[in-house]
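[1] How does the following fold in three dimensions:
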Amino acid sequence: MTTTNPLHAVHESLEAFFIPYGPQNAQTQVVETFGQLDMEYAALRKAAVVFDEPHMATLKITGSERHEFLNNMLTAKVDELKPGQSKFSFWLNRQGRIDADLRLIEREDHTLIKLDRHLAQQTAESLSTFIFAEDIEISVDDSLHWISIHGPTSFTHLQTEPVEEHYNTTVTLNNTQVVADRFDLTGEIGLSLAIPTDQLDTIYKSLTPKDETEEENKSNPKPTGWLAINTARIEAGHPLYNIDFGPDTLPAESGIMDSRVHLAKGCYLGQEVVARMHARNIRKQAIVPIRVNDQRITVEHQEILQPMTGAYIYAKDQAGQTPIGAVTSSTISPMLGAIPIAFAMIKDSHTAPGTELAVTAEGTYASCTVNDTYAFWTKP
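    Sure thing, here's the model as predicted:
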């Protein structure tokens, strides 16, 4: 079964290629590329691109006690969240494992939560089981559809004043009020737009117009697919839930715990496990950034060793023996001169920056090194 995307026909008319996302019984078709990956990536870095996100959904939380309730449930400190502020948080189970990665977007009289579409209903239901007499209501808001715009000229195309990262604002698109939340996933300005579904087609086309002249088309935001976004977000150092880690992962293993977990706040579901691991400084494994050594695409040298998702990681000088982990996502980095980079989940004893490892690539083994930081590239 494939979930219906209101923009699917529009993407097909633009000759998009699609990839399935999500469980077999409820897959979402996400645009992979519009057939011009190099141009899509270049537009992201130089101007702006628009990315449809049918794999994301929205929870709407209302009620006067929503902040206190969420603060008691989630890993982030959200009891002091003010309108216009946004924050990431994990929703854990009792074993301290990550059931969902949440983006909280605070508005005047409600809180929006952006999360994986395939987890929306179960997250709403599981959170609701902890409501007793509190003034709070949690529901899946099917009236909104997420698209995002990425690139240095993003605010210009939305015709609004810039906001800082982790803040949100309201913009007017096609005479419609739209929530715009800033998180720079790709290392460029990034704005997630919660579009009313009944205005989606018109607003999407207004953001990616086809003008009569080639020069005008160059200045317009370019529709893009997952491949360009994925390359840029790996370069920028952002592991993603359900791609680099998932429901079996503990926060300390995710690579993004610092931006999701407040260690000094009060109790929340799964807090004992998180606190114990932090106090003892123990974990079995972790997501780390990996840079493949001595591999670079050049005019003379087009064939390189790039590890793919699932490729085994080995300790140095032990290639082909017992794996210590596996690649979770990888790409060729244009900003680093066309070298292979990746995220990998590996045993904690091998996660120190500078650790040399080996990885399966193109039927052989390549040398690789744990990068010093999660961000391989940072915008000057």
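[2] Show me the shaky parts of the stretch 1-150 of the chain.
    Residue ranges of the stretch 1-150 of the chain with pLDDT under 70: 1-3.
[3] give me that answer again for 50
    Along the stretch 1-150 of the chain, the model assigns pLDDT under 50 to no residue.
[4] bridging residues for Leu191?
    Beta bridges link Leu191 to Ile149, Arg182, judged by DSSP bridges.
[5] what about stretch 197-208, distance to the chain center?
    Averaging C-alpha positions (Cα atoms, centre = their mean, to the nearest Å) puts stretch 197-208 22 Å from its chain's average.
[6] What are the phi and psi values at Ile290?
    phi -120, psi 130 (degrees, to the nearest 10).
[7] if you go through the stretch 151-300 of the chain in chain order, where are the strands?
    Assigned by DSSP state E, counting those that start in this stretch, the strands in the stretch 151-300 of the chain fall at 168-173, 176-182, 190-196, 222-224, 285-292.
[8] Tell me which of those strands sits nearest to Asp38.
    strand 222-224 (11.4 Å; Cβ to Cβ). The C-beta positions use only the backbone N, C-alpha and C, and glycine is treated the same way.
[9] Output the contacting helices and strands for the closest one.
    When contacts are defined as 3 or more Cβ pairs under 8 Å, 6 or more residues apart in numbering; DSSP states H and E, strand 222-224 sits against strand 27-33, helix 37-46, strand 49-52.
[10] swap the cut-off to 6 Å and go again
    Contact here means 3 or more Cβ pairs under 6 Å, 6 or more residues apart in numbering; DSSP states H and E; on that basis strand 222-224 packs against strand 49-52.
[11] residues contacting the residue lying closest to Thr355 once chain neighbours are set aside?
    Excluding the flanking residues, the one nearest Thr355 by Cβ to Cβ, 6 or more residues apart in numbering is Val370, at 4.5 Å. Contacts of Val370 were listed using Cβ atoms under 6 Å, 6 or more residues apart in numbering, and they are Val288, Pro353, Thr355.
[12] cool, Tyr312 as well?
    By Cβ under 6 Å, 6+ apart, the neighbours of Tyr312 are Pro323, Ala326, Thr360.
[13] And the residues you listed, which is closest to Asn168?
    Compare each of the contacts of Tyr312 with Asn168 using Cβ to Cβ and the shortest gap goes to Ala326, at 35.9 Å.
[14] who's in contact with Phe376?
    Glu235, Ile341.
[15] give me that answer again for 7 Å
    Each residue near Phe376 by Cβ atoms under 7 Å, 6 or more residues apart in numbering is listed here: Glu235, Gly237, Pro289, Arg291, Ser333, Leu336, Ile341.
[16] Out of those, give me the one that has the most neighbours.
    Neighbour tally across these (other Cβ atoms under 10 Å): the maximum, 25 neighbours, falls on Ile341.
[17] Also compute the angle for the helix or strand where it lies relative to strand 285-292, please.
    Using DSSP states H and E, Ile341 falls within strand 339-347. Here strand 339-347 points in a direction 160 degrees away from that of strand 285-292 (axes from the mean of the first three to the mean of the last three Cα atoms, to 10 degrees).
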